[in-house]
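# Fold the stuff below for me.
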Amino acid sequence: MPSSIAAASVPLVVDALPSDPLAQALVGLVLLALVTIVGRFLLSLAWKLLVFAAVGVAILYGLTLLGI
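Residues are numbered from 1 along each chain as shown. Model prediction:
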């Protein structure tokens, strides 16, 4: 069933793309910019989570070395 829905929506996607090559390049650049912006946000979030996890593991490791 999902494949019939996907096949039916393909003409809608194709019709939404502009036919002018310069407009297609603009759409591609805008999509690339959006992916880059979202990627930067997710990477900054992942970096913060990684730092917090490393500090947490370092604290737990230090406590185990002290025998606590």
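# What ranges does this protein have for its helices?
2-16, 21-66 (DSSP state H).
# confidence score at the residue most central in space within the chain?
When C-alpha atoms, centre = their mean is applied to the chain, the residue found nearest the centroid is G39 (4.8 Å). Note for G39: predicted pLDDT of 92.
# do you know how far it is from P21?
Distance, G39 to P21, using C-beta to C-beta, to the nearest Å: 26 Å. The C-beta positions use only the backbone N, C-alpha and C, and glycine is treated the same way.
# By mean pLDDT, show me the worst of the helices of the chain.
Out of the helices of the chain, helix 2-16 stands lowest, with a mean of 58 (criterion: mean pLDDT).
# hang on, the earlier thing: ranking the helices of the chain by burial, who's on top?
Of all the helices of the chain, helix 21-66 carries the top mean neighbour count, a mean of 10, counting by mean count of other C-beta atoms under 10 Å.
# and that one, how far out from the chain's middle?
Averaging C-alpha positions (C-alpha atoms, centre = their mean, to the nearest Å) puts helix 21-66 9 Å from its chain's average.
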